[in-house]
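1. Fold the following, please.
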Amino acid sequence: MDKESFCKLASKMGLTSVKVISQAEEYMRLAQVKRVSLGSASSTAVVCLELAATSLKFPFDKDYATRLSGLNKKVYQCSLKALECVLGLQANLGMAELAVRYGCMDALNTASLILQRYEYSLPAAQQQDLDLSTPLFTSAALFTACKCMKARVDKKLASCSGSKKAVFDRLCSQLLKFGQEICSGTSSVKRPATMSLKRQKTLTENLQETEDDDWLLKSPKQQKVSHLRGEESEDDTKQNYEEWKRKILENALQNAAHS
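-> Residues are numbered from 1 along each chain as shown. Purely as a prediction, here's the structure:
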């Protein structure tokens, strides 16, 4: 787009500042270098003008800018976020800040684990080049964590990714399996342990109760016999020990006599 057409668009948006127009032209040039296409040249120019006006804090009519771009409101906002991300103009909010902003603090820990497992699943070469702190990954991880935890999530969270909906949805589908493993694993680890302890305790108690019942069912005479047998068993053990001890001493004395 030539400079004259660019200035006309700026004038229609109520932007006459040379500083704003220069900044917008620079954004337009960078968008062309990075091969970012937002539809037509005029729609890209309008987006660049809005970004320049916003960064330099110049007021303008956002609704009119959207109509002037020839794009519907939803597509315009996505294009704006995408170019803002590509040009590095978006203030990168951390995952915790995003969680606070969109009211999903409960999902923060799960989202962090999802990103960790996603990173470990990739080859070492890809892990080195990967930046999981970008808005695309942090917003997608939080969105996925909320979905796996069946918690309500503000759909505007997806707009913070700075990427097209198709890209965001594709990443969420890749993260989903990790989120499901984490959420199902958290509940499945605790249950078997509790159930196992219950079974062991019940079995021990049942055995003890069975022994007690057997004892109580015996007649007084049978109880006395069992008691006497127990005493006899203890006496036998003592006698065996004394016999063993006596033989050891005899052998020791014989060896001493021969030496």
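
2. what about Leu15, which helix or strand?
-> Using DSSP states H and E, Leu15 sits within no helix or strand.

3. From Ser5, how far off is it?
-> For Leu15, the distance to Ser5 (CB to CB, to the nearest Å) stands at 14 Å. Quick note: C-beta positions are derived from backbone N, CA and C, even for glycine.

4. Looking at those two, which has the bigger crowd around it?
-> With neighbours defined as other CB atoms under 10 Å, Leu15 and Ser5 compare such that Leu15 has more, 22 against 12.

5. Contact partners for that one?
-> 21, 24, 49, 52-53, 58, 60 (CB atoms under 8 Å, 6 or more residues apart in numbering).

6. Ser69 now?
-> Applying CB under 8 Å, 6+ apart to Ser69 gives the contacts 39, 42-43, 46-47, 76, 79.

7. which one of those is nearest Ala65?
-> Val46 (5.6 Å; CB to CB).

8. farthest pair in the contacts of Leu15?
-> Across the contacts of Leu15 (CB to CB), the longest gap, 12.3 Å, separates Ile21 and Phe60.

9. Determine the residues that are contacts of both of these two.
-> 15, 49.

10. which of the two has more neighbours?
-> Ile21 (21 against 16).

11. so who does the more buried one touch?
-> 6-7, 10, 15, 49, 52 are the contacts of Ile21 under CB under 8 Å, 6+ apart.

12. will you turn the residues you listed into a markdown table that also has secondary structure?
-> A markdown table is the format used below for the contacts of Ile21 (DSSP: H, G, I helix; E, B strand; the rest coil):
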| residue | secondary structure |
| --- | --- |
| Phe6 | helix |
| Cys7 | helix |
| Ala10 | helix |
| Leu15 | coil |
| Leu49 | helix |
| Ala52 | helix |
